[in-house]
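Engineer: pasted the sequence and its predicted model underneath.
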Amino acid sequence: MNVPDVSLVVPVRNEAGNIGPLVAEIRRTLDTAGHSWELFVVDDGSTDDSWQEISQAAHDDARVQGIRQPKGLGKSAALTVGFQRCLAPWIVMLDGDGQDDPAEIPKMLAMLATPEIPDTSTNEHATAASSRGRGAGVDLVNGWKTPRLDPWHKTLPSRVFNVLVGWLTGLRLHDHNCGLKAFSSRVAREILLADDMHRFLPVLAAAKGFRVAEMPVHHRPRTHGHSKYGMARFFTSLPDLVRVAIHVRGRGQHSATETVFPEAARHPRAGRSRAHLRWGVYGIVATVAIGSLLGRIGGVNSVDKIALENRLVSDRIARNASSDATEDAAAVRTSIQREKRLLRPFLSGNDRSRWLTIRALVEHGTFAIDTLVVEPGWDTLDAVAHHDSSGRLRLYSSKPPLLSVLCAGPYWLLHSITGWTLLDHPFEMGRLLMVLYGLVPLALTILFTCRLIDAIGTTDWGRIWAASLIACGTMLSTFAVVLTNHVPAAACTAASAWLLYRIRCDGLRSWWAFGLAGLCAGLAAAAELPALAWCVAVLALLAASDLRRTLLASFPAAMLVAALALGTNWLAHGSLFPPYAHRTGVIAPASNLAIAPTETSSTHSANWYDYSLTLSNGRVLTSYWRNPKGIDRGEPSQLTYAWHALIGHHGIVSLTPAWLLVIPGLWRLGSVRRRHARTGEREIAMAIGGVSAVVILFYLSRQQLDRNYGGMTSGFRWVFWLAPLWATAAVKAADGLSVSRVGRGVAMVLLGLSVVSVAYPTWNPWTQPWIEQWLIHAGWLATP
């Protein structure tokens, strides 16, 4: 007897008109793919012409067999009868309504593990089947209908059911109820399908120790007949779900199984021992901890600030005593802390610039900050001056206002509830708000990047390494303690990249996904102007996937962000363009600026960065940018600037050596020769590489005033938002290094050195990078 490659079981009930076309599709698909096959169509008590149609199909093709049950015993019973007849090492089950696409079957079979051919099979079919080694694949592939074309009263209960199954059993799939499944014959032999247990086949298989994966499959509308299932099935399945959950949890076997992505399922190293994986995790975590400690040890400040503060207080009290002036020690300490700025909840003029706009909006209903900068500890260098609508010269933040407007909402809410302000409770309010402004975006960055890493990576070790990198090895975590645009931009980039992958590679076609992808890409561009290149790349790839959804959802969402950015620019400054667009030429020093003797304030209408402004306390505030100091003067040599920005004291790869794996990772991700490359991955690799090149070249080609490495900062901060994309690319290189002990050692050294740079600033990112500090200490570099 010839043993076919695959056996198919199709249970039907009253599906006349669907059976003949479905059998023809199966024949055409499997014959074209070169698979030998047998098909069992089980009639579960049909009252229409289904049996006549089955009989005709069996008469026309000997590989088709009909099985008739005298009365309706249920789908589980029909499947069990069919499974008992199957001879092939692989089994495929699919519904008989024609909504499951047989064209997906060869792709599902390619994900399955190498079949076990019975010893009695020596025919050519068995030999061919055994020669098509599938590698260390999975034992069961569950279909995932996307996009699903059923009405809402079927999709809504199904989605709730899938969530409940994942929560109660631990096996999280998008579509447990999908009728299209492919699995090893061992699964059918070892699992007994009791009444209505067919919908829990993946859960039961996983509980037995079989490896389970899911694959997006094409779903088609029904053309004949009507659905046999509705809302009632959801409620009748709940008791069965509880029973299965108790059975699975009670056996304690589910923890030994895992749900895998198709790429990981096909990878030959996917079956590494869990002990090996555990030791890999231990090594990576230890590397992160040691690197973090090393960086903080190197960053310990030799100045005892507490002792310094106590000395200043005692000296002030001694001077007051000699002059017969009396002053309370607590009042002296508070005065010194404010005057000497020993207490500064916001660490730099860079982040204070945005905080000032937030305060001005909530406390005074204006974008002007000149009434706030006179307060102790609230000065900022990042400011511009221009006339407001009434003709009065006012001071404003130099930062694009959209982020500050969005951040003003939570501050307004807290201020309304508590009555506190950032002036009278800077630490309480500031730190509470920074949890929202810094911690939440960082958490979202890590979440979406880890999703990308898990989808693109092919080894557990490589995925864990890349996840550790994005969580602990990039400057995003360093800058998450201050209010900047870098971490929110990274979060939006990571979210848009994940949605792009789901759409381009997994075939997701929901409108909300397209809309959110455009919205997140637009927000990234609004936060970081060079991220406009990423926004364009995302929209282009979305359009290549589905032009209609891109034009009607993604593009309008991105344009909404653009409108908000331009609108807030206009509200704040009376111009559609942000402040940095109003800086022309080189600013003249204050001594060379002609000011009439009677003038106390002046500005250049064409250059908002060139001003002299009399504040409310009588102090004349002159633009810092008339006479910038140190690193803010800019690097005269473009070549020197490129060197230090890439591999020097502010170097992208010298401070984060893990980025050395980005280029080989992009090459592996985009390689057309890669055995298991997924559709769309090459385009995403090209997009990441192209956008990265555009952004770096943009900053390296700037004028001298802009060649300042981002100011007094612990890294080349303008590219931090690219970290999610680079970590996604690096996972492919980490997968390649994971195959050898030397390779893993190299990857962990790169990760550890990256963590050193992250940990060195301890709590203040507005410090020189550790490489620059050590070069200055060694005398190899002059103090800027």
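Structural biologist: Received the coordinates, thanks.
Engineer: at the geometric centre of the protein, which residue do we find?
Structural biologist: Centrality entry for the chain: nearest residue to the mean C-alpha point is residue 448, 2.2 Å, by C-alpha atoms, centre = their mean.
Engineer: so who does the nearest residue to it once chain neighbours are set aside touch?
Structural biologist: Nearest residue to residue 448 in three dimensions, chain neighbours excluded: residue 494, at 3.8 Å (C-beta to C-beta, 6 or more residues apart in numbering). Any C-beta I mention is one placed from the backbone N, CA and C, and that applies to glycine too. Residue 494 sits next to 444-445, 447-449, 452, 724 when contact means C-beta atoms under 8 Å, 6 or more residues apart in numbering.
Engineer: helix or strand next in line after the helix or strand hosting residue 494, which one?
Structural biologist: Using DSSP states H and E, residue 494 sits in helix 486-504. Next along the chain after helix 486-504, taking DSSP H and E as the criterion, comes helix 511-527.
Engineer: next, the buried residues of that next one.
Structural biologist: The neighbour-count check on helix 511-527 (16 or more other C-beta atoms under 10 Å) flags 513-527 as buried.
Engineer: could you list the domains of this protein?
Structural biologist: For the chain, automatic domain parsing gives the domain ranges 6-266, 343-429+579-630.
Engineer: next one: the last one to chain centre, how far?
Structural biologist: On the basis of C-alpha atoms, centre = their mean, to the nearest Å, the separation between the geometric centre of domain 343-429+579-630 and that of its chain is 34 Å.
Engineer: also the longest one?
Structural biologist: Remark: domain 6-266 is offset 33 Å from the chain centroid, using C-alpha atoms, centre = their mean.
Engineer: the lowest-mean-pLDDT helix or strand in the chain: what's the following helix or strand?
Structural biologist: The helix or strand of the chain with the lowest confidence, counting by mean pLDDT, DSSP states H and E, is helix 124-131 at a mean of 35. For helix 124-131, the following helix or strand on the C-terminal side (DSSP H and E) is strand 140-145.
Engineer: that older thread, okay, the helix holding residue 494 in PDB with CA atoms only?
Structural biologist: The C-alpha trace of helix 486-504 is given here as PDB (Å, rounded to 0.1, in the frame of the first residue of the first chain):
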ATOM      1  CA  HIS A 486      14.300  61.400  22.300                       C
ATOM      2  CA  VAL A 487      12.500  58.800  24.300                       C
ATOM      3  CA  PRO A 488       9.000  59.700  23.000                       C
ATOM      4  CA  ALA A 489      10.400  59.600  19.400                       C
ATOM      5  CA  ALA A 490      11.900  56.200  20.100                       C
ATOM      6  CA  ALA A 491       8.600  54.900  21.400                       C
ATOM      7  CA  CYS A 492       6.700  56.100  18.400                       C
ATOM      8  CA  THR A 493       9.400  54.600  16.100                       C
ATOM      9  CA  ALA A 494       9.200  51.200  17.800                       C
ATOM     10  CA  ALA A 495       5.400  51.200  17.600                       C
ATOM     11  CA  SER A 496       5.300  52.100  14.000                       C
ATOM     12  CA  ALA A 497       8.000  49.600  13.100                       C
ATOM     13  CA  TRP A 498       6.100  46.800  14.900                       C
ATOM     14  CA  LEU A 499       2.900  47.700  13.100                       C
ATOM     15  CA  LEU A 500       4.700  47.900   9.800                       C
ATOM     16  CA  TYR A 501       6.100  44.400  10.300                       C
ATOM     17  CA  ARG A 502       2.700  43.000  11.200                       C
ATOM     18  CA  ILE A 503       1.200  44.600   8.000                       C
ATOM     19  CA  ARG A 504       4.100  43.900   5.600                       C
END
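Engineer: could we number from 126 for the rest of this?
Structural biologist: Happy to do that; since the first residue is 126 now, the last one works out to helix 611-629.
Engineer: wait, residue 532 touches residue 559, no?
Structural biologist: No - the criterion here is C-beta atoms under 8 Å, and residue 532 misses it with residue 559 at 10.2 Å.
Engineer: so between these two, which is more surrounded?
Structural biologist: Each of residue 532 and residue 559 has its neighbours counted (other C-beta atoms under 10 Å); residue 532 has more, 21 against 18.
Engineer: which element follows the helix or strand harbouring the more buried one toward the C-terminus?
Structural biologist: Per DSSP H and E, residue 532 falls inside helix 526-543. Taking DSSP H and E as the definition, the helix or strand that follows helix 526-543 towards the C-terminus is helix 551-559.
Engineer: give me the contact list for that following helix.
Structural biologist: By C-beta under 8 Å, 6+ apart, helix 551-559 touches 470-471, 480, 502, 532, 535-536, 539-540, 543, 545-547, 606-608.
Engineer: hmm, back to that, can you pick out the most distant pair from the contacts of residue 619?
Structural biologist: The span of those, defined through C-beta to C-beta, is set by 569 and 577 at 12.7 Å.
Engineer: so the two - more neighbours on which side?
Structural biologist: Ranked by neighbour count (other C-beta under 10 Å), residue 569 and residue 577 place residue 577 first, with 24 against 19.
Engineer: what helix or strand does the more buried one sit in?
Structural biologist: Residue 577 is part of helix 565-581, with elements assigned from DSSP H and E.
Engineer: which helices and strands does the helix or strand just after that helix pack with?
Structural biologist: Counting by DSSP H and E, the next helix or strand C-terminal to helix 565-581 is helix 585-597. On a contact count with 3 or more C-beta pairs under 8 Å, 6 or more residues apart in numbering; DSSP states H and E, helix 585-597 meets helix 399-423, helix 565-581, helix 848-862, helix 866-884.
Engineer: any idea of the mean pLDDT in the first one?
Structural biologist: Across helix 399-423, pLDDT averages out at 60.
Engineer: could you do stretch 690-709 as well?
Structural biologist: Mean per-residue pLDDT for stretch 690-709: 92.
Engineer: same check, this time on stretch 527-545
Structural biologist: Stretch 527-545 comes out with an average pLDDT of 95.
Engineer: would you mark the buried spots in that stretch?
Structural biologist: With burial defined by 16+ other C-beta under 10 Å, the residues of stretch 527-545 counted as buried are 527-533, 535-536, 539-540.
Engineer: check stretch 198-213 too.
Structural biologist: Across stretch 198-213, burial judged by 16+ other C-beta under 10 Å covers 199-208, 211, 213.
Engineer: alright, I will stop here.
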